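Participant: Structure for the following, please:
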Amino acid sequence: MARYTGPKSKIARKFGEAIYGPDKYLEKKNYPPGSHGADKRRRKKSDYGVQLQEKQKAKYTYGMLERQFENLFKKASAKTGITGELLLQFCEARLDNVVFRLGVANSRAGARQLVSHRHITINGEVCNVPSCQVKPGDVIGVRQKSKSLEVISESLAANSCDSAWLSWNRDNMTGEFMHYPTREEIPENINEQLIVELYSK
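Facilitator: From the prediction side, this is the model:
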């Protein structure tokens, strides 16, 4: 399966949430996409269907492929703690997500592109792997040659780092991953327990 590059509003309508940010089309058509529109009679989803949809929502939210998501779940399952919460913590610790949370990019897709194009560093070393897991104490920064990029300047002017587990130094364009976020600190509307139940079948 390739990464989804189609209409974002279609995905937002599928889940009934603006998972890619404010969406005026979702406000107009707050029902799943389909040729029969809002009047189509929809069958009630099974428990499996509800669980699958929650997993798909998490995958689209963080921009991950099936195997990547499954590997993170296995990693979370192997650790001591609440599996669902650990899964979301690992999703939040992905480098592309951290760059997005710091305000360096307007979206996770934009953050993924910045990382892939070698504009981002971890502890002073360039890293071009969006799925790289950031650890507490790591310093994420904008590469010296990239600090004048207009797309980064505009994003930093429009966004601010308001995540309690991250700190941002605007002068140096560097941020620190201080600790893994608690579930209360993760703003995404994801029912991680349904995902755990799905994988536990």
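
Participant: what domains does the record give for the protein?
Facilitator: 8-33+45-90+188-199, 94-179 (automatic domain parsing).

Participant: Least reliable of the ones you listed by average pLDDT, please.
Facilitator: Among these, domain 8-33+45-90+188-199 has the lowest mean pLDDT, at a mean of 83.

Participant: Now do the helix ranked longest in the chain: which elements does it pack against?
Facilitator: Scanning the chain for the longest helix, with DSSP state H as the assignment, gives helix 47-62. Packing partners of helix 47-62 (3 or more C-beta pairs under 8 Å, 6 or more residues apart in numbering; DSSP states H and E): helix 8-15, helix 66-78, helix 83-92, helix 192-199. In short, each C-beta sits where N, CA and C put it, glycine included.

Participant: Return the most buried member of those.
Facilitator: Looking across the helices and strands packed on helix 47-62 with neighbours counted as mean count of other C-beta atoms under 10 Å, the highest average goes to helix 83-92: a mean of 21.

Participant: chain center to that one: distance?
Facilitator: 11 Å (C-alpha atoms, centre = their mean, to the nearest Å).

Participant: What helices and strands are in contact with that helix?
Facilitator: helix 47-62, helix 66-78, helix 95-102, helix 192-199.

Participant: 6 Å - rerun?
Facilitator: helix 66-78, helix 192-199 (3 or more C-beta pairs under 6 Å, 6 or more residues apart in numbering; DSSP states H and E).

Participant: between the ones you listed, which gets nearest to V134?
Facilitator: With C-beta to C-beta as the criterion, V134 lies closest to helix 66-78 of those, at 13.5 Å.

Participant: Pull the residues that contact the closest one.
Facilitator: M1, K59, T83, L86, L87, F90, Y199 (C-beta atoms under 6 Å, 6 or more residues apart in numbering).

Participant: hmm, 7 Å instead?
Facilitator: M1, K59, T83, L86, L87, F90, C91, S131, Y199 (C-beta atoms under 7 Å, 6 or more residues apart in numbering).

Participant: How about the contacts made by the third one?
Facilitator: T83 sits next to A76, S77, V196 when contact means C-beta under 7 Å, 6+ apart.

Participant: again, but for A93
Facilitator: Q133, V134, Y180.

Participant: one more time with 10 Å
Facilitator: Neighbour list for A93: L72, C132, Q133, V134, K135, P136, D138, W165, F177, Y180, P181 [criterion: C-beta atoms under 10 Å, 6 or more residues apart in numbering].
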